[in-house]
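In: sequence first, then the predicted structure:
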Amino acid sequence: MTGISLIGLPGSGKSTVGRQLARRLGVGFSDTDHVIESRIGCSIRIFFEREGEDRFRDTEEAVLDEL
């Protein structure tokens, strides 16, 4: 299965554009931030501060691989 990933700075509109694009294409939409926060049980900001960037990036990569 092929997917489209939108990459950009926080607050740049990836989720907004992603939802609109998915609707136009008639496909599902996943917000990786929401999936990550569900998995780690706290906000990304708290996890990042508590566990560090390397641990966050590992989690982020695992979620992206699964999606």
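Out: Yep, it's here. The shown structure was predicted, so the numbers you read here are calculated from the model rather than taken from an experiment. Residues are numbered from 1 along each chain as shown.
In: which intervals of this structure have sub-threshold pLDDT?
Out: 1 (pLDDT under 70).
In: switch to 90 and redo it
Out: Filtered on pLDDT under 90, the chain yields the residue ranges 1-5, 10, 67.
In: give the contact list for the residue positioned nearest the centre of the chain.
Out: Among the residues of the chain, the one closest to the centroid is T32, at 1.9 Å (CA atoms, centre = their mean). Counting by CB atoms under 8 Å, 6 or more residues apart in numbering, T32 touches E60, V63, L64, L67. Where you see a C-beta, it was placed from the backbone N, CA and C, and this is true even at glycine.
In: so which of those is the most crowded?
Out: Sorting these by how many neighbours each has (other CB atoms under 10 Å) puts V63 first, at 18 neighbours.
In: that residue reaches V35, doesn't it?
Out: Yes: between V63 and V35 there is a contact under CB atoms under 8 Å: 5.2 Å.
In: sorry, back to before: now render the contacts of T32 as CSV, adding secondary structure and distance to C42.
Out: Output for those, formatted as CSV (DSSP: H, G, I helix; E, B strand; the rest coil; distance: CB to CB, whole Å):
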residue, secondary structure, distance to C42
E60, helix, 14
V63, helix, 15
L64, helix, 19
L67, coil, 20
